[in-house]
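1. Requesting a structural model of the entry that follows:
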Amino acid sequence: MLAFVQAAGVMPAAGHAPGAPSPQGPAAGRSIAIKLLDAPEDRRADPRAHAYIVDHLAPGSTIERRVEITNESSAPMHVDVYAAAATIAKGEFTFAPERTPDELTGWTSFDAADLELAASETARVRTSIRVPGDAAAGERYGVIWAQTSAPADRSHTLTVSGRVGVRMYVDVGRGDEPPSDFTIERLWPARAGDGRGEVHARIHNTGGRALDIGGTLSLLSGPAGQHAGPFSTARTGATLAPGDSGEVVVPLDATLPNGPWAGELTLSSGLVQHNARATLTFPSTPGSVGADVASVALQGDFPPSLVAWLSALALAALCLLLSRFLRRRR
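-> Residues are numbered from 1 along each chain as shown. As a prediction, the model looks like this:
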């Protein structure tokens, strides 16, 4: 499968970035970073493909992707590169402990699994994913991890490890890739326990691929004509497997007036985007929930198939009118 080389910023082990799952148990003073260098040619415009390995593969096919690993510390370190299992549950992409295997990790290999990196040195590792010819259809999840450890010594009796990684979303099946889509089912305002305003949205993955859904909220036409935002969804939003439902939360400012506000919510996963508009009035009491406002004005973008159908219908109507006009002229 064709791939293109992408330029992306290094994702530090000390932070959380789209291409690198949250580091687990970082070793003090020992910082590593990882980023994905390649993605499929047909996903050039998809921002998820710049951060994760997202692909649709036929049984019996093989792809290769490169990851770049950087020692960001001032001391040399040994880095282990391996693949481990992952699952999607309760709206989260969940990492399995240690080197837990699954079907996808059994298909994944590396041209280098043990790296000795000097201070500030970078290495590139080629990843191969070989799908067996008898593989069943469906999507698999995993993570390519880069892990370093601080060994035990006289002052530390425990070995401390830290790892960063790149997620894998690999769908197997013959023919075209299953479509990706979601709906915004409900929308409601709330007050968190600390008094901050929040907007909650209930999302349903109606497509055939897993989605990482996040976005922004703008508040318009508030008290005295105030505008606020845009505000981003909390953490990384929601990760939903096909058919799953979950929530995304947009945290706001504690000093934000109750409203009413004209809220405009934009959520997306890769190239799939939907919008919702509603009048929001936040409750005054911390820890309370406002009324469901989905019925006030909830709007989503039209799917491409519907847009194409409407365009064809409009063209047919125009041709009919033109034909009638020409008949009258004759």
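2. For G270, which non-adjacent residue is closest in space?
-> R48 (4.2 Å; Cβ to Cβ, 6 or more residues apart in numbering). In this view, the C-beta of every residue, glycine as well, is placed from N, C-alpha and C.
3. all helices for the stretch 201-330 of the chain, in order.
-> 304-329 (DSSP state H, counting those that start in this stretch).
4. Tell me where it has strands.
-> 211-220, 228-232, 238-240, 245-251, 261-269, 272-280 (DSSP state E, counting those that start in this stretch).
5. Would you mind finding the most buried of those strands?
-> Among the strands of the stretch 201-330 of the chain, ranked by average contacts under mean count of other Cβ atoms under 10 Å, first place goes to strand 238-240 (a mean of 27).
6. What helices and strands are in contact with that one?
-> Contacts defined by 3 or more Cβ pairs under 8 Å, 6 or more residues apart in numbering; DSSP states H and E place strand 238-240 against strand 92-95, strand 197-205, strand 211-220, strand 245-251.
7. of those, which approaches D55 most closely?
-> Nearest to D55, of all the helices and strands packed on strand 238-240, is strand 211-220, at 15.0 Å by Cβ to Cβ.
8. what's the first-to-last distance across stretch 222-231?
-> In terms of Cα to Cα, to the nearest Å, the two terminal residues of stretch 222-231 are separated by 15 Å.
9. How about residues contacting that stretch?
-> Stretch 222-231 has contacts (Cβ atoms under 8 Å, 6 or more residues apart in numbering) with 216-221, 250-253, 256-262.
10. go again using 6 Å as the cut-off
-> Contacting residues not belonging to stretch 222-231 are listed as T216, L217, S218, L219, L220, V250, L252, P257, W261 [Cβ atoms under 6 Å, 6 or more residues apart in numbering].
11. Which two of those have the greatest separation?
-> It's T216 and P257 that sit farthest apart of the contacts of stretch 222-231, by Cβ to Cβ, at 19.7 Å.
12. where in the stretch 151-300 of the chain is pLDDT low?
-> Counting by pLDDT under 70, the ranges of the stretch 151-300 of the chain that qualify are 151-161, 236, 294-300.
13. do that again at 90, thanks
-> 151-162, 224-225, 234-237, 253-256, 286-287, 289-300 (pLDDT under 90).
14. Many thanks, I have nothing further to ask.
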